[in-house]
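Visitor: how does the following fold in three dimensions:
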Amino acid sequence: MKKLLTSSVFQFSFMILAGSAAAAGFSESLTWKEWLSESVIILGIYASKEGVKYGVSAYEGKNE
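Guide: Alright, predicted model coming up:
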């Protein structure tokens, strides 16, 4: 559980989802489904970036 809580992807995900929930509560023109949909897109982009970063670091320094 500690590893999950210290994960930057988990922390960013929580921040985005909490922010979108708060924004949906104060918005009259957008629904929570629209905010959640946009949040999932942002999280996907961030998770992909972290995956590439992790992959690059895994192969860094290896010579063929």
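Visitor: any buried residues in the one helix or strand G25 maps to, and which?
Guide: Here G25, judged by DSSP states H and E, is contained in helix 8-26. For helix 8-26, the buried set under the neighbour-count rule, 16 or more other Cβ atoms under 10 Å, comprises S13, I16, L17, S20, A24. From N, CA and C alone the C-beta is placed, and that goes for glycine too.
Visitor: quick check: the third one touching S39?
Guide: Yes: counting by Cβ atoms under 8 Å, a contact exists between L17 and S39, whose distance comes to 5.7 Å.
Visitor: who's in contact with the helix or strand of the chain with the lowest mean pLDDT?
Guide: Every helix and strand of the chain was ranked by mean pLDDT, DSSP states H and E. The lowest is helix 2-5, at a mean of 76. Residues from elsewhere that reach helix 2-5 (Cβ atoms under 8 Å, 6 or more residues apart in numbering): F10, Q11.
Visitor: ok, stretch 41-53 next?
Guide: Under Cβ under 8 Å, 6+ apart, the answer for stretch 41-53 is S8, V9, F12, S13, I16, L17.
Visitor: change it to 7 Å
Guide: The contact list for stretch 41-53 (Cβ atoms under 7 Å, 6 or more residues apart in numbering) reads S8, V9, F12, S13, I16.
Visitor: same list (these) but as JSON lines, adding distance to Y46 and pLDDT.
Guide: Below are the contacts of stretch 41-53 laid out as JSON lines (distance: Cβ to Cβ, whole Å; pLDDT from 0 to 100):
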{"residue": "S8", "distance to Y46": "9", "pLDDT": "76"}
{"residue": "V9", "distance to Y46": "7", "pLDDT": "76"}
{"residue": "F12", "distance to Y46": "6", "pLDDT": "80"}
{"residue": "S13", "distance to Y46": "8", "pLDDT": "79"}
{"residue": "I16", "distance to Y46": "8", "pLDDT": "79"}
